[in-house]
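# next comes the sequence, and after it the predicted model I'd like to discuss.
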Amino acid sequence: MLNRLAPKPRALFCLLLAIAALRSPLVGSAQTTLNVSAAASLKDALTDVENAYAKSQTHLEFTNNFGSSGTLAVQIDQGAPADVFLSAAAKPMDDLEAKGLLAAGTRRNLLRNTLVLIAPLDSGLHDFQGLTATSVRTIALGDPASVPAGQYGRQTLASFHLLDKLNAKLVLAKDVRQVLAYVETGNADAGLVYATDARISTKVRIVATASESAHDPIVYPVAVIKGSRSQQAAQSFVDYLNSPAAKAIFVKHGFTIAAP
C-alpha cells in the first residue's frame, strides 16, 4: 500500500526547487567588481566617492589601482584589467583613445587641480626663485615620462627660467604621493605636487602656487574602457562621478569641477 503521507513526484520536485532557490543567491544580487585605474592624487577623494556610491549599490565592489597616469595607461594598453580610467592629464587618455581602447562616447572631463610648491614646515623657502639657494639640495618631482604632475612641474620651472639651473637637484618619483613622502620625510627639501596632495599632510606647507599660465591645464578626464566586462556598471559609475553628490565630495577634497 502506498504511503499517503509521502509527497507526490510533482510536489517533491517543486519542493526541491524551492530549497535550491533558498540556498542559491538571487540572480539580481550577484556581486560585480569594478576595476578602477586612477591617478594617485585621486586616492582619498575617489575612495570616499566609491564608499558613498556603494551604499546604494550593495552588489558592487571596487578594486582600485592608483598610480601615475602614464603608467596606468600603459598597463591598460598591455591588457591589465580595467573598467574605468581616471587620468590626471589628457595625454594618457588621448593615447588610449587613439588606440581604440575607450568605450565610444564615455570620455568626459571631470575635475581640475592646482600645482603647488611644497617644503617641510621648518623650511625657510619662500618662492620658486628660492629653489636656487644652496640650502635647497634636492627637489622632488614626479617623473615627467609618466607622471602628469612632473610634466606640469617641468613646464612651471621652465616658465621661471629655472629648469636648467635646477636639473641637477631634481629627484624623480613614481607619482605625486611619493613626491609628498620625500618632502615629509626630509629626503627632499622641496617638491611639486597638486594642492589636493599638500592639504592631506601635516608635515609640509605650501610655499607657492603655480600660475595656470605656467603649465598646461590640469584636467582630469574619465572614461569607460572598451574591453570592460561590466560596461553597464562602469557607465553607471561614471555617470555617478558627474552627479552633484560625487562632485561635492571632490570639492571637499580640494578639487574643482571641470567645465562640461
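Structure received.

# can you tell me which residues contact the nearest residue to Phe128 once chain neighbours are set aside?
Spatial nearest neighbour of Phe128, chain neighbours left out: Phe160 (5.1 Å); criterion: CB to CB, 6 or more residues apart in numbering. In short, each C-beta sits where N, CA and C put it, glycine included. Neighbouring residues of Phe160 by CB atoms under 8 Å, 6 or more residues apart in numbering: 128-129, 214.

# ok, so of these, who is nearest Gln155?
Set against Gln155, the nearest of the contacts of Phe160 by CB to CB is Ala214 (6.5 Å).

# one step back: tell me the predicted confidence for the residue nearest to Phe128.
Phe160 is assigned 97 on the pLDDT scale.

# again, but for Ala21
Note for Ala21: predicted pLDDT of 39.

# just the pLDDT at the residue nearest to Ser159 when sequence neighbours are not counted, thanks.
Once flanking residues are discounted, Ser159 sits nearest to Ala214: 4.1 Å by CB to CB, 6+ apart. On pLDDT, Ala214 comes in at 98.

# ok so, going back, state the distance from the residue nearest to Phe128 to Leu241.
Distance check for Phe160 against Leu241: by CB to CB, to the nearest Å, it reads 35 Å.

# before we move on, what about Ser211?
Computed as CB to CB, the Ser211 to Leu241 distance reads 28 Å.

# look at those two and report which has more neighbours.
Neighbour count, other CB atoms under 10 Å: between Ser211 and Leu241, Leu241 has more, with 21 against 12.

# now do the more buried one, the pLDDT please.
In this prediction, Leu241 carries a pLDDT score of 98.

# and the strands in this structure, which stretches?
With DSSP state E, the ranges of strands along the chain come out as 32-39, 60-67, 84-86, 108-112, 115-120, 139-142, 170-173, 190-194, 204-209, 219-224, 256-257.
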